[in-house]
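> all I have is the shape, not the residue letters:
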């Protein structure tokens, strides 16, 4: 965890509001005896200004950034293509807020758009806030795939380019038939999606002795009743379900998830 005083903060940095646990993005800072900080609340995009003491410290938010290609925008939903798996994902437009206002008109004009999706983390536990930044690309992409055959050819061409730049052998994941709709990500699911498993991350067995505040009795409940056998199982577990365990608070669950994330990165 990293803390900064008002004098040390810089525009575009993200801080965590200790009162609500919301994430703020710094816009401007006016220094003086009582610094003024203008910020944007990422939860509702509201811009506000606060006056703080010069010695007050703020906790910086941790950020994970992912790149996606925009496929099309329809019915207030954003359809994107994951660069790594070539799988189509649907984001609920209402989750992304005001940052999507200009995307549709830019995309309809025939410009390719790459999305930078940032997941903001509070003490290494993702809160579910998402920020979208757009970047206009030189290439043009169709608003919707014209046919499954052409989409497969496009995937194959991209894969060949990746192989030329890497000595590793890569193979795209098999895509389900187009009749099967991609999963729609809801607000609750985004809060639960703490860590996405990749081929580089090996499954690590859960060992309660490595955790602070996790006793053998509670560990047995996690394994037997909630089928939590690995660090990834614990990280992706539903907080509301785990809170049903007697004497287990949300803070304690977040502490476990935080510890599990650090262990899996070792």
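Received it, and whenever you're ready, just let me know what you need. These numbers come from a predicted model, not from an experiment. Numbering: from 1, shown residues only.

> OK, contacts around residue 248?
By CB atoms under 8 Å, 6 or more residues apart in numbering, the contact list for residue 248 reads 218, 242. For glycine as for every other residue, the C-beta is placed from the backbone atoms N, C-alpha and C.

> which residues of the stretch 101-250 of the chain score low on pLDDT?
Scanning the stretch 101-250 of the chain for pLDDT under 70 picks out 101-204.

> any idea which element the nearest residue to residue 212 once chain neighbours are set aside lies in?
Closest residue to residue 212 apart from its sequence neighbours, by CB to CB, 6 or more residues apart in numbering: residue 259 at 6.8 Å. Element membership for residue 259, per DSSP states H and E: helix 250-264.

> list the buried residues of that helix.
252, 253, 254, 255, 256, 257, 258, 259, 260, 261, 263, 264 (16 or more other CB atoms under 10 Å).

> same for it, what does it pack against?
The contact analysis (3 or more CB pairs under 8 Å, 6 or more residues apart in numbering; DSSP states H and E) places helix 250-264 against strand 125-137, helix 231-235, helix 239-242.

> what are the ranges of the strands in the stretch 151-266 of the chain?
Taking DSSP state E, counting those that start in this stretch, the strands of the stretch 151-266 of the chain run over residues 184-185.

> can you give me the neighbour number for residue 52?
Counted with other CB atoms under 10 Å, the neighbours of residue 52 add up to 16.

> residue contacts, it?
Residue 52 sits next to 6, 34, 35, 37 when contact means CB under 8 Å, 6+ apart.

> 6 Å instead, please
Contacts for residue 52 (CB atoms under 6 Å, 6 or more residues apart in numbering) come out as 6, 35.

> also residue 25?
14, 40.

> rerun at 10 Å
Neighbour list for residue 25: 11-15, 39-42, 45, 47, 61, 120, 129, 131 [criterion: CB atoms under 10 Å, 6 or more residues apart in numbering].
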